[in-house]
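Participant: Next input, structure requested:
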Amino acid sequence: MKKILYIVSILLFAQSSFAQGIDPQFSGYYAQPLQMNPALTGNMESKWRVTASFREQDYVISQPYISGAGSFDINLPINAWSGNIWGLGINYVYDDQGDARIRNHRMNVSASVGQYLDPREEHSISVGFMGGIGSRSINYDNVYWDSQWFGTGFALFIDPGETLPAEARSYIDLNTGVQYRYQGEITQANVGYAMFHANTPDNSLYIDTNGFQLERRHTVHGMLESRFTDNNMFALRPSFMFTRQGKINNLIFGSDFVFYFNEPTRTTGKRSQYSMSLGVHHRLLKDVVGSISFNLAGFYLGTLYDISVSPLSELNGYQGAYEVFVGYRAGFRSGSNSRYMPHRKGKL
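Facilitator: Numbers count the residues shown, from 1 in each chain. This next block holds a predicted model:
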């Protein structure tokens, strides 16, 4: 029996070619570092950090897409080899799509190790690995079939006589990445590459799953932050992230404009950093993204809004997407990369 066009269109929209869905795309990508690159695990200016993001995307034809992510990672107190950086973390990501409520959940554990490349420990390179369990599910309660047509509408109480696939499928997920980082006194930068779903797991909800799998997601990202002079209370932070998953490409780029309210003290640690950031980014041919965020002595929070500039905006009344994130970095002091940097004052 034929399935109605409605449910077919949902399934096609949720997948690319033979790929079974694509990963959620956060506009505040640097607020979820482990979702961007496993090599960023524990590679930070703090002892540990925890962060959470939530996104609701209204510019779709049916139900809004809802996505969320959370992570915790720590700079491990290990110095087995001189000049190493160690990190361990855990992250969770989910998204909820369409009227049929196609849900994706993934829980991963990540580890990274890095090596300083110079005596001043300003240049480093890190590799990371991430693995865990994912699941994909569908809710058939709101799905209807042509055999349920009853006069002037669909009668969902009528047995459609369909052989439905399982409502959920679990799979093993493997990911890896590498990144280079520069940490100077007034300038910091990083660039990296990551491969997600390296094992192309089968998460298909079809009865015959042969040839259907979750496509690899290739991610390239970069960021540069500069204060230009030592006592400058303003910084530019341009960044970008490019992903390709199956046949779907996504490029988002732009800059944050950072305003420091006061200088932190690295020697005594008695005065913390307070700053505000205003950002403008562009998701190529899709959105213009505005953002505002605050860093309050290790606590940080922000909000973003996507303004759709694609032709789809005419179908949904020019609705956008909003996103919020919140987090905390323990022992955060700007310019102090880790507790194993003896040449810097104010070690964590």
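Participant: Identify the residues contacting stretch 179-193?
Facilitator: 36-37, 39-40, 43, 45, 114, 121-126, 128, 177-178, 218-230, 232, 335, 337 (CB atoms under 8 Å, 6 or more residues apart in numbering). Glycine gets a C-beta too; all of them are placed from N, C-alpha and C.
Participant: In strands, which of those appear?
Facilitator: Among the contacts of stretch 179-193, the members found in strands (DSSP state E) are 114, 123-126, 128, 177-178, 218-226.
Participant: any idea how far the residue lying farthest from the centre of the chain is from residue 235?
Facilitator: Here the centre of the chain is the reference, and by CA atoms, centre = their mean the most remote residue is residue 151, at 46.6 Å. Distance from residue 151 to residue 235, counting by CB to CB, to the nearest Å: 66 Å.
Participant: What segments of the stretch 101-250 of the chain are strands?
Facilitator: 102-116, 123-137, 149-150, 153-154, 168-183, 187-196, 217-226, 234-245, 248-262 (DSSP state E, counting those that start in this stretch).
Participant: Any chance of these in a markdown table with mean pLDDT, mean neighbour count and distance to residue 74 as columns?
Facilitator: Rendered in a markdown table, the data for the strands of the stretch 101-250 of the chain read as follows (pLDDT from 0 to 100; neighbours: other CB atoms under 10 Å; distance: least, CB to CB, whole Å):
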| stretch | mean pLDDT | mean neighbour count | distance to residue 74 |
| --- | --- | --- | --- |
| strand 102-116 | 92 | 21 | 11 |
| strand 123-137 | 94 | 19 | 14 |
| strand 149-150 | 77 | 12 | 57 |
| strand 153-154 | 74 | 13 | 52 |
| strand 168-183 | 94 | 19 | 17 |
| strand 187-196 | 96 | 20 | 19 |
| strand 217-226 | 96 | 18 | 21 |
| strand 234-245 | 96 | 18 | 24 |
| strand 248-262 | 93 | 16 | 25 |
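Participant: a markdown table for those, including distance to residue 91?
Facilitator: Listed next are the strands of the stretch 101-250 of the chain as a markdown table, based on distance: least, CB to CB, whole Å:
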| stretch | distance to residue 91 |
| --- | --- |
| strand 102-116 | 6 |
| strand 123-137 | 8 |
| strand 149-150 | 45 |
| strand 153-154 | 40 |
| strand 168-183 | 10 |
| strand 187-196 | 12 |
| strand 217-226 | 14 |
| strand 234-245 | 16 |
| strand 248-262 | 19 |
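Participant: hmm, back to that, could I get the pLDDT score of the residue farthest from the centre of the chain?
Facilitator: Predicted confidence (pLDDT) for residue 151: 72.
Participant: Could you measure from it over to residue 160?
Facilitator: 16 Å.
Participant: One more: residue 286?
Facilitator: Note on residue 286: its distance to residue 160, by CB to CB, is 36 Å.
Participant: again, but for residue 122
Facilitator: For residue 122, the distance to residue 160 - CB to CB - is 64 Å.
Participant: swap in residue 131?
Facilitator: On the measure of CB to CB, residue 131 and residue 160 end up 39 Å apart.
Participant: Same question for residue 40.
Facilitator: Distance, residue 40 to residue 160, by CB to CB: 47 Å.
Participant: Pick out whichever of these two has more residues nearby.
Facilitator: residue 40 (28 against 17; other CB atoms under 10 Å).
Participant: Report the separation between the nearest residue to the more buried one once chain neighbours are set aside and residue 53.
Facilitator: Nearest non-adjacent residue to residue 40, counting by CB to CB, 6 or more residues apart in numbering: residue 33, 4.0 Å away. Taking CB to CB as the measure, residue 33 falls 11 Å from residue 53.
Participant: if we can go back for a sec, can you say which of the strands of the stretch 101-250 of the chain is nearest to residue 274?
Facilitator: Minimum separation from residue 274 across the strands of the stretch 101-250 of the chain (CB to CB) falls at strand 248-262, 4.1 Å.
Participant: Provide a list of residues in contact with the residue nearest to the spatial centre of the chain.
Facilitator: Per CA atoms, centre = their mean, the C-alpha nearest to the average position across the chain is that of residue 35, at 4.0 Å. Applying CB under 8 Å, 6+ apart to residue 35 gives the contacts 26, 29, 69, 71, 91, 93.
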